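[1] Next input, structure requested:
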Amino acid sequence: MHLRNRHGTPVDPVPFVVVVGLTFMVLLSFGPLYGRELGLALETAIVLSAALFALTVIVAFYRQVWTFRPETADNVPSSVRAERLFYLIPILTALIIALSIPLLLR
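    Have a look, this model is predicted:
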């Protein structure tokens, strides 16, 4: 996958792919379940989850690919980026657990 920003400079696709994959997992796993709990038809809940997923993909592409400037990526040390990633893992784990609690208590 060769992604380029608005200036034609190649951009690393990995952050974009990770965000899209995690968004797909969360929205299309929990979205229909929560939609059903709110009284929506299954088809409506799936369509709303898919629409929200599409919107998230568009926003992620704009922020992480289209307006990204690779020349500024070297300004942040790799240790800071690794630390941010390390803190993101428990946050995402807690989010998934928090999303599943209401479904287990019903």
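[2] right, and residue 27 touches residue 57 too?
    No: contact criterion CB atoms under 8 Å: residue 27 and residue 57 do not qualify, at 10.2 Å. In short, each C-beta sits where N, CA and C put it, glycine included.
[3] who's more crowded, the two?
    Between residue 27 and residue 57, residue 27 has the larger neighbour count (other CB atoms under 10 Å), namely 20 against 15.
[4] Could you list the residues in contact with the helix or strand that contains that one?
    Remark: residue 27 resides in helix 14-37, with elements defined by DSSP states H and E. Helix 14-37 has contacts (CB atoms under 8 Å, 6 or more residues apart in numbering) with 1, 3, 42, 44-46, 48-50, 52-53, 56-57, 60-61, 64-65, 92, 95-96, 99-100, 102-103, 106.
[5] how about it: buried residues?
    Neighbour counts using 16 or more other CB atoms under 10 Å place 16, 19-20, 22-23, 26-27, 30-35 of helix 14-37 among the buried residues.
[6] if we can go back for a sec, ok, of the contacts of helix 14-37, which come out buried?
    3, 45, 46, 48, 49, 53, 56, 60, 61, 64, 65.
[7] Please flag which of those sit within helices.
    If you go by DSSP state H, the buried ones among the contacts of helix 14-37 have 45, 46, 48, 49, 53, 56, 60, 61 in helices.
[8] got JSON lines for these, with distance to residue 72 and pLDDT too?
    Supplementary listing: these in JSON lines, determined by distance: CB to CB, whole Å; pLDDT from 0 to 100:
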{"residue": "45", "distance to residue 72": "40", "pLDDT": "94"}
{"residue": "46", "distance to residue 72": "39", "pLDDT": "96"}
{"residue": "48", "distance to residue 72": "36", "pLDDT": "96"}
{"residue": "49", "distance to residue 72": "34", "pLDDT": "95"}
{"residue": "53", "distance to residue 72": "28", "pLDDT": "96"}
{"residue": "56", "distance to residue 72": "24", "pLDDT": "95"}
{"residue": "60", "distance to residue 72": "18", "pLDDT": "93"}
{"residue": "61", "distance to residue 72": "18", "pLDDT": "93"}
